[in-house]
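Engineer: Compute the structure for the input listed below.
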Amino acid sequence: MTTDTAGRARTGGEQATVTTLRLRNRAAVLQHVILARQTTRADIARECGLSMASAANLVADLVAEGLVHETGTVASGGGRPIALIAPRPEGAYTIGADIGERGVAVELFDLSMTAVDQEFRGGRSEEDPRAIGDDLRAAVDALRARNRDTWPLLLGIGLAMPGIVETDDAGRQTLYAQSLGWPPVPIPELLPADVPVFADNGGKTQAKAEQWFGAARGVEHAVVALLGRGVGVGLVQEGRLQAGAHSSAGEWGHTKIERGGRLCRCGGRGCVEAYVGAAAMLGAWAERGGVFEGTGWRALGQLLDAAAAGEPAATAVVDDAIAALGHALANLVNLTNPERIVVGGWVGIRLMDALADRIDAAIRANSLQRPGSQYELCPSTFGGDTVAIGAAILPLEQLIREPRG
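Structural biologist: Residues are numbered from 1 along each chain as shown. Okay, here's the model as predicted:
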């Protein structure tokens, strides 16, 4: 039997409430420390709505768990120096994997979310789910071999997937990648592992990274667009990343911007992806006689360079892509009234580097005037690592919710 501070017996319901409250407060404190990178007990109390005593006790618990530590002091302006609290980098590790149809990029992070190691597999041509699974397992095995001392502290592996990821009532996750022509892929078949595996759509993991550490941090309403071979979005509304009834919210790449328009990889016509995805842009240039190397970063750079030099075919393709992107993002402006639009993904990075002002103008030209005057456009914070960082947050969220063991 447990008792309260006055020695009275607590009922089971009261004890559960106390335990739940303590877990919630622990989660708030740990998340604050990780997001702040460096903080104080007073800041923790203020930001988490706790008393100084409660904040101090929770910090002590997290120190005992090996998750946070004191890193030094700052002057207090009188009296004792103030201790600085930070994540203990070696306290835990997490893996984030950016999975595409051509290969995988897998990164190991410590608890401060600093990249420790990375491994790439594939990348030369499109692969089926079995080959992608082979790439993923090989990359994880390589990281394990180089980081044996840290592996026992691995929280889990987060996977950023090229499609819809649904979770059933039993917690089993399945990938639905219609655009790639894949059958439904159970996540455990893709990566059997002896640590927890969490999966979500790559557009959502990019948005999660920006929401935690990047351009969408502290923003209540944001659109985080992912432009690559595929196209997607993470929608942040009232500070929450939207998932929808079955986790397919954000399939913006397959909303239509032209009735009966270009054929998309999903089988539909007129989809956003059929105008601003990498294959669509490069394919349109090739149809007009464009010559380029490969189908990725370099090829898109050649397209943009040719357009900047005034080459007519390249200019027409880029003009068309900007117009389509402006229409597509304006639709989201009118629907969601964001404070900020963040554009990422490797195609998005290229476009924002070269054409941000034109993209912004195209969005505003196609939005209603009032919401079109209320957003800020900015590039992704972390470049090509953003999707993997967001995936690595998935196991970290589990640690924040529940203590290990």
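Engineer: Could you list the domains of this structure?
Structural biologist: Following automatic domain parsing, one finds the domains of the chain at 12-87, 93-206+387-401, 217-380.
Engineer: If you average pLDDT over each of these, which is lowest?
Structural biologist: Mean pLDDT per stretch puts domain 12-87 lowest among the domains of the chain, at a mean of 90.
Engineer: what about it, distance to the chain center?
Structural biologist: Taking the mean of its C-alpha atoms, domain 12-87 sits 26 Å from the chain's own mean (C-alpha atoms, centre = their mean, to the nearest Å).
Engineer: Any chance of the domains of the chain in TSV with mean neighbour count as columns?
Structural biologist: To be clear about C-beta, it is placed using only N, CA and C from the backbone, and glycine gets the same treatment. Listed next are the domains of the chain as TSV, based on neighbours: other C-beta atoms under 10 Å:
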stretch	mean neighbour count
domain 12-87	16
domain 93-206+387-401	20
domain 217-380	19
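Engineer: mind listing the strands in the stretch 251-400 of the chain by residue range?
Structural biologist: Listed in chain order, the strands of the stretch 251-400 of the chain (DSSP state E, counting those that start in this stretch) span 340-344, 376-379.
Engineer: mind listing what the longest one pairs with, with the direction of each?
Structural biologist: Same thing as strand 340-344. Partners of strand 340-344 in the sheet, by DSSP bridges, are strand 222-227 (parallel), strand 376-379 (parallel).
Engineer: the helices in the stretch 51-200 of the chain, which residues?
Structural biologist: For the stretch 51-200 of the chain, the helices defined by DSSP state H, counting those that start in this stretch cover 52-64, 129-146, 187-190.
Engineer: Next one: residue 54 relative to residue 47, how far apart?
Structural biologist: With distances taken as C-beta to C-beta, to the nearest Å, residue 54 is found 13 Å from residue 47.
Engineer: one step back: columns distance to residue 90 on top of the helices of the stretch 51-200 of the chain, output as CSV?
Structural biologist: Compiled in CSV, those are given as follows (distance: least, C-beta to C-beta, whole Å):
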stretch, distance to residue 90
helix 52-64, 14
helix 129-146, 16
helix 187-190, 29
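Engineer: Ok, which of these comes nearest residue 302?
Structural biologist: Proximity to residue 302, assessed across the helices of the stretch 51-200 of the chain by C-beta to C-beta, is greatest for helix 129-146 (26.9 Å).
Engineer: Can you list the helices and strands that the closest one packs against?
Structural biologist: strand 93-99, strand 103-110, strand 115-122, helix 187-190 (3 or more C-beta pairs under 8 Å, 6 or more residues apart in numbering; DSSP states H and E).
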